[in-house]
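A.B. asks: only the shape, not the letters, is given here:
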C-alpha cells in the first residue's frame, strides 16, 4: 500500500515559475513536528517557570511573616524590660530620699566622708534619640537603651546601698537618754587645774549606771581602760567615722563585737579623770575629733 504523499507548490511572483515538492507523510511529520511542538514546549516551560517563581514568592512571604512575628515578639520583650528597669530606677530613687533630720545629720559630716558614699548622679544618661529607619535600627536602639538602663540601675543601686550604709554609720543618736550637757566641744577651763584647755568631746552628766547606747551601727574597736578616759569604748562605724565613750563604770560589749544603733554598750561612771559621774562622748573622723553637735539630732 502506497503511503500518503503531500505536494508543496512554491511559486516565483516575478517569473511566474512554479515548483512542486512532493513529500511523504513521514518526512512531512519530521519537518512540521518540531515547528508545532517547539512553541508548545516553550509555552509549557514558561508556565512551569512562572509556577516555580510563584512558589518561591510564597515561601519568601511565609519566611517574612515568621521573621516579622519574631521581630515583634523581641521588640515587645525589650519594651517590657525597659519599662521594668525604668520603674525599678524610679522606685530606688524614691527609696533613697532621706528625711530632713537624717539629711541634716549627714550634712554635718565632712564633705570628704559624704563623697565616699554619695557618688555621682542617680539617673542614668540615656542614649540620644535617633530616627529609626529599619527594623534592625529600631531593635538596635532598644537594645542600646536597655543596656544603658541596666548599667544605670546598677549605679543607682550601688549609690543607694552606699547611702543607706552611710546613714547607718552616721552617729546622730544621743548616747544617753535624759542626761544634760555640762561641757561643750572646744576651748574651756580644765576642771582640775582651771587652766585653758581644749575639750575634744561633750560631757553629758547622768546618774551612775545610766545605760550608754551606741549612736550608730558599727564594730567595737576597743573596750578597756584608757588613761584619762577611764573605762572607755571606741566604736568604728566605717567611712572613717568613729566614736569614743569615756568614764564608764561597766562594759556591755567586747572588742570585735558588731553593734546596732541604740544598743546598750556600757554604763555611766566616773572612772579616769572625772570629777563626777558623766559620759565623755567624742565623734572621730579619720581619728580626729569633731564637734558632736554638728551631727547629733535633738534628743
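C.D. replies: Looks like it came in fine. Just so it is clear, the model here is predicted, and its values are computed rather than measured.

A.B. asks: ok, the residue nearest to residue 105 when sequence neighbours are not counted - contacts?
C.D. replies: Distances taken as Cβ to Cβ, 6 or more residues apart in numbering put residue 172 closest to residue 105, at 3.6 Å, once the chain neighbours are dropped. Heads up, the C-betas are built off the backbone N, CA and C, glycines and all. Going by Cβ atoms under 8 Å, 6 or more residues apart in numbering, residue 172 touches 101-102, 105, 215-216, 295-297.

A.B. asks: list only buried entries from these.
C.D. replies: 102, 105, 215-216, 295-296 (16 or more other Cβ atoms under 10 Å).

A.B. asks: and the furthest pair within the residues you listed?
C.D. replies: 102 and 215 (13.4 Å; Cβ to Cβ).

A.B. asks: low-confidence stretches in the stretch 151-299 of the chain?
C.D. replies: 151-156, 298-299 (pLDDT under 70).

A.B. asks: now the strands for it?
C.D. replies: Taking DSSP state E, counting those that start in this stretch as the criterion, the stretch 151-299 of the chain carries its strands at 180-183, 186-189, 196-199, 202-205, 211-213, 218-225, 231-238, 241-251, 258-259, 264-268, 278-285, 288-290.

A.B. asks: tell me which stretches of the chain form helices.
C.D. replies: All helices of the chain, identified by DSSP state H, fall at 25-95, 100-107, 111-118, 135-169.

A.B. asks: TSV for the contacts of residue 172, including distance to residue 194?
C.D. replies: Shown next, in TSV, are those (distance: Cβ to Cβ, whole Å):
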residue	distance to residue 194
101	38
102	40
105	35
215	31
216	35
295	30
296	28
297	34
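
A.B. asks: and those residues, which is closest to residue 268?
C.D. replies: For those, the nearest to residue 268 is residue 215 (14.8 Å; Cβ to Cβ).

A.B. asks: can you pull the contacts of that closest one?
C.D. replies: Residue 215 neighbours (Cβ under 8 Å, 6+ apart): 171-175, 243, 261, 281, 296.

A.B. asks: how near is residue 183 to residue 220?
C.D. replies: 25 Å (Cβ to Cβ, to the nearest Å).

A.B. asks: and for residue 169?
C.D. replies: Distance from residue 169 to residue 220, by Cβ to Cβ: 14 Å.

A.B. asks: cool, residue 270 as well?
C.D. replies: Relative to residue 220, and taking Cβ to Cβ, residue 270 is found at 22 Å.

A.B. asks: look at these two and report which has more neighbours.
C.D. replies: Each of residue 270 and residue 220 has its neighbours counted (other Cβ atoms under 10 Å); residue 220 has more, 19 against 16.

A.B. asks: surely that one meets residue 237?
C.D. replies: No - at 10.9 Å, residue 220 and residue 237 do not qualify as touching, with contact defined as Cβ atoms under 8 Å.

A.B. asks: excluding sequence neighbours, find me the nearest residue to residue 262.
C.D. replies: Closest residue to residue 262 apart from its sequence neighbours, by Cβ to Cβ, 6+ apart: residue 213 at 5.3 Å.

A.B. asks: please disregard the earlier target; I meant residue 290.
C.D. replies: Of all residues not flanking residue 290 in the chain, residue 283 sits nearest, at 5.6 Å (Cβ to Cβ, 6+ apart).

A.B. asks: ok, back up a step: which stretch in the helices of the chain is the model least sure about?
C.D. replies: Among the helices of the chain, helix 25-95 carries the lowest mean pLDDT, a mean of 61.

A.B. asks: run through the bridge partners of residue 225.
C.D. replies: residue 231 (DSSP bridges).

A.B. asks: how many neighbours does it have?
C.D. replies: Considering only other Cβ under 10 Å, residue 225 is surrounded by 11 other residues.

A.B. asks: which ones are touching it?
C.D. replies: 231-232, 271-272.

A.B. asks: thank you kindly, that will do.
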